[in-house]
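**Q** below are the sequence and a predicted model; questions follow.
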Amino acid sequence: MPLLKFVKRNVRRAPYQAITASMVMFLTFLVLSVFLILALGSQQILKYYESKPQAIAFFKDGTADIDIAAIRQELELTGKVTNLKYISKEEALQIYKERNKDKPILLELVTANILPASLEISAFTPKDLKPISEILKKEPVVEEVVYPEDVVASLSKATTIIRWVGLGLVSFLIVFSTLVILMVIGFKIRLRRTEIETMRLLGASNWFIRAPFILEGIFYGITGATYAWLVSYGILWYFGPFIQKNLADLNLYPVSPLVMGGLLLIELSVAVMIGFAGSYAAARRYLRL
């Protein structure tokens, strides 16, 4: 197509300006990629903890089954419990061995007798954990109650901070990228004033004159976004297994190809808008068509 040939020629004529524009777009979309991945990951972690609020009651040695059954019944009557799971001393030992199978030194002196039996309580919402824990603390056979009182609240705050900081940084870079595209395209228009005037005299339409510059701006956006997506995917592929090791039962890796494909579509869409906005503004300002 003639327009694409014009774009290719424009890029070759001023390679340093083209590299500058592409690198700025690359930086913008790399930050956008990282922000979206962090926001999505933190949201999944928050949903995980919100969907599995749990308190654990550890029983004193010698607690009778009838006492445990009475506690279970009392908790069920509150209407705040979704699941109750009793863990005996032997089961606690098996869980301990599984979690520390790579640390044989920690397994040598541990027996079922020194581990307490416990009751795991899942609630409907994190807010239900506090009244449940108050009930458990009043029971004489309960030695200790553990529940993540501030985990969900802290995760919620962290997710909010990530969203606002990321949104502010990405917004700044988008505006900055648009201005860079405007300046680069404007510079190229000024360099080609004589050629543009000749095209006008030959009867070229306004669209025919503007289109190559607009497509060139879009080209910079797409190039930067594509490379940024590839780099972010590479970073995620490299560090993903290390992150997953610290997430226990929460499976965030490997990331679904559909998620990464959706991320690429979002970035390309934003890239086209930035490239179009910057180059169109430059064409309107400097061509006066």
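**A** Thanks, I have it.

**Q** ok, which stretches of the protein are helices?
**A** Taking DSSP state H to define them, one finds helices in the chain at 2-13, 15-51, 65-77, 89-99, 129-137, 151-191, 193-201, 206-245, 257-287.

**Q** now those as JSON lines including mean neighbour count and distance to Asn113?
**A** C-beta coordinates here come from the backbone N, C-alpha and C atoms, glycine included. Putting the helices of the chain into JSON lines (neighbours: other Cβ atoms under 10 Å; distance: least, Cβ to Cβ, whole Å) gives the following:
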{"stretch": "helix 2-13", "mean neighbour count": "14", "distance to Asn113": "75"}
{"stretch": "helix 15-51", "mean neighbour count": "18", "distance to Asn113": "33"}
{"stretch": "helix 65-77", "mean neighbour count": "14", "distance to Asn113": "18"}
{"stretch": "helix 89-99", "mean neighbour count": "14", "distance to Asn113": "7"}
{"stretch": "helix 129-137", "mean neighbour count": "17", "distance to Asn113": "23"}
{"stretch": "helix 151-191", "mean neighbour count": "16", "distance to Asn113": "31"}
{"stretch": "helix 193-201", "mean neighbour count": "12", "distance to Asn113": "89"}
{"stretch": "helix 206-245", "mean neighbour count": "18", "distance to Asn113": "31"}
{"stretch": "helix 257-287", "mean neighbour count": "18", "distance to Asn113": "47"}
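
**Q** distance to Leu119 and mean pLDDT for the ones you listed - can I get that in CSV?
**A** Putting the helices of the chain into CSV (distance: least, Cβ to Cβ, whole Å; pLDDT from 0 to 100) gives the following:
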stretch, distance to Leu119, mean pLDDT
helix 2-13, 68, 65
helix 15-51, 20, 79
helix 65-77, 7, 89
helix 89-99, 11, 81
helix 129-137, 8, 86
helix 151-191, 20, 80
helix 193-201, 80, 73
helix 206-245, 29, 82
helix 257-287, 37, 86
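
**Q** Glu267 against Ser33, yeah?
**A** Yes. Checked against Cβ atoms under 8 Å, the pair Glu267 and Ser33 is within contact range at 6.7 Å.

**Q** now do the shared contacts for these two.
**A** In the contact map built from Cβ atoms under 8 Å, 6 or more residues apart in numbering, the residues linked to both Glu267 and Ser33 are Ala228, Trp229.

**Q** and the gap between Gly203 and Arg284?
**A** Taken as Cβ to Cβ, to the nearest Å, the spacing of Gly203 relative to Arg284 amounts to 21 Å.

**Q** ok, now which ones touch Thr63?
**A** The contact partners of Thr63, by Cβ under 8 Å, 6+ apart, come to Ala117, Val141.

**Q** likewise Pro131?
**A** Thr78, Lys80.

**Q** distance check, it against Glu143.
**A** The gap separating Pro131 from Glu143 is 20 Å, by Cβ to Cβ.

**Q** fine, thanks again, bye for now.
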